[in-house]
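[1] Sequence first, then the predicted structure, then my questions.
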Amino acid sequence: MTPEEIAQCAALAMALEVSATPKPGNIDREHNYPETRYEHFLASAIATYPFFAEAARKRRSFGDLLYSAVIESKKWQHGGNTHFGALVLLLPLAMAEGETVEAHEIVKDTTTEDAIRFYQAFKEADVNVPRVERLSLESESAIREIREEGKTLYQLMEIAETYDEIAREWTQGFPLTREAHKLLVNHTEEEGADINEAIVQTYLEILKMEPDTFIQTKHNRRTAIETSQQAAEIIDQIEREGYRSTLPEIKRFDAQLLSKRINPGSTADIIIAGIFLLLLGGYRY
């Protein structure tokens, strides 16, 4: 694939994920939050396209690409953080042309400058993070400490993997991304398969497998676990009765999460990465 085609896959993956509905708890084409709308995500997906092409050309560092993509996204939409986690996953995958083993090697080779750029991008994106004692993303002194200690971005991800599933994707070789891709392939391999249904079901399956760490940060661990348990019950019902027969229950789950502002944002980021691999593999609908 050309760098432009890889970038097209990345932008389309972001657009397909946010368009999928009903995607319990998250923004989609039928649901907005007061401060962030569906259209903000579309603007971000399109605005960041050039940086995926640059990533595929391997001429810039991960940190510079992430920072530039976040700044460009902010130029085109005012809905706050839309795709920070997705960018953290997609950029190394684009650099590796979708090869997760190579992407893992790329992230292991990140530098102290990448770490500093990551912190700068984080501040621009205004992302929710848990409170930690050292090298907090919200600390004014963190960048100075990172530079003094020579910490690489991968080393920081190793620290964060205990409480952040996006960090774990980096440190463990993108396991949930690969699982999301496998599930998406299974759900789309039949002729006439519905891409929207495939994305929603995969989203619920990944949420069942892994309590969402964005929920944990925004609410608490118990809420994240309970949300995963509810997703598991719906998946069990889908397996017994089929997706379309279970749709009313999926919509009720969606309404419940939206009313409590419980949004599985990390799960959505992983689904985007899985869709990206699906499209790189040649899937068209």
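    Yes, it's here.
[2] tell me how far stretch 260-278 is from the chain's mean position?
    In terms of Cα atoms, centre = their mean, to the nearest Å, the centre of stretch 260-278 is found 5 Å from the chain centre.
[3] same deal with stretch 32-44?
    Centroid separation between stretch 32-44 and its chain, computed with Cα atoms, centre = their mean, is 15 Å.
[4] who's in contact with it?
    Contact with stretch 32-44 is made by 14-15, 18-19, 27-29, 31, 73, 76-80, 82-83, 261, 263, as judged by Cβ atoms under 8 Å, 6 or more residues apart in numbering. For the C-beta atoms, the positions are set from N, CA and C on the backbone; glycine is no exception.
[5] Among these, which ones are in helices?
    Using DSSP state H, the subset of the contacts of stretch 32-44 located in helices is M14, A15, V18, S19, S73, W76.
[6] if I pick the second one, what's in contact with it?
    Read that as A15. F41, L42, A45, I46.
[7] which element is the residue lying closest to D269 once chain neighbours are set aside on?
    Distances taken as Cβ to Cβ, 6 or more residues apart in numbering place G85 nearest to D269, at 3.6 Å, with adjacent residues excluded. According to DSSP states H and E, G85 maps onto helix 84-95.
[8] Next: T177.
    Assigned by DSSP H and E, T177 falls in helix 175-188.
[9] could you point out which element follows that helix?
    Using DSSP H and E, the helix or strand that follows helix 175-188 in sequence is helix 195-209.
[10] Pull out the buried members of the ones in helices among the contacts of stretch 32-44.
    Burial by neighbour count, 16 or more other Cβ atoms under 10 Å: within the ones in helices among the contacts of stretch 32-44 this picks out M14, A15, V18, S19, S73.
[11] And these, which is closest to E191?
    Using Cβ to Cβ, S19 comes nearest to E191 of these, at 22.0 Å.
[12] wait, the closest one sits on R29?
    Yes. Between S19 and R29 there is a contact at 5.0 Å, judged by Cβ atoms under 8 Å.
[13] From the contact counts, what lies against the strand or helix carrying I166?
    Assessed by DSSP H and E, I166 sits inside helix 165-172. If you count contacts as 3 or more Cβ pairs under 8 Å, 6 or more residues apart in numbering; DSSP states H and E, helix 165-172 packs onto helix 84-95, helix 153-160, helix 175-188, helix 265-280.
[14] Report the buried residues of the first one.
    Meaning helix 84-95. The neighbour-count check on helix 84-95 (16+ other Cβ under 10 Å) flags F84, G85, A86, L87, V88, L89, L90, L91, P92, L93, A94, M95 as buried.
[15] OK, contacts around the third one?
    It stands for A86. Applying Cβ under 8 Å, 6+ apart, the residues near A86 are M14, E17, A268, D269, I272, A273.
[16] That one and L176, how far apart?
    Here A86 is placed at a distance of 13 Å from L176 (Cβ to Cβ, to the nearest Å).
[17] One more: the fifth one?
    When distances are taken as Cβ to Cβ, V88 and L176 turn out to be 13 Å apart.
[18] Now do the same for the residue nearest to A160 when sequence neighbours are not counted: its pLDDT.
    Distance criterion Cβ to Cβ, 6+ apart; nearest residue to A160, sequence neighbours excluded, is A167 at 3.8 Å. On the pLDDT scale, A167 is placed at 97.
[19] So what's the residue count around A167?
    As a burial measure, A167 scores 21 neighbours (other Cβ atoms under 10 Å).
[20] One more: E102?
    Neighbour number of E102 under other Cβ under 10 Å is 13.
[21] One more: the one 3 residues further on?
    Look at E105: counted by other Cβ under 10 Å, it has 13 neighbours.
[22] Any buried residues in the helix or strand containing it, and which?
    Element membership for E105 (DSSP H and E) is helix 100-108. Under the neighbour-count criterion of 16+ other Cβ under 10 Å, helix 100-108 has T100, A103, H104, I106, V107, K108 buried.
[23] Settle this for me: the last one is touching Y154, isn't it.
    If I follow you right, that is K108. Yes. Between K108 and Y154 there is a contact at 5.2 Å, judged by Cβ under 8 Å.
[24] and the angle from the least confident helix or strand in the chain by mean pLDDT to helix 153-160?
    Across the helices and strands of the chain, the lowest-confidence element by mean pLDDT, DSSP states H and E is helix 142-149, at a mean of 89. For helix 142-149 against helix 153-160, the angle by axes from the mean of the first three to the mean of the last three Cα atoms, to 10 degrees is 110 degrees.
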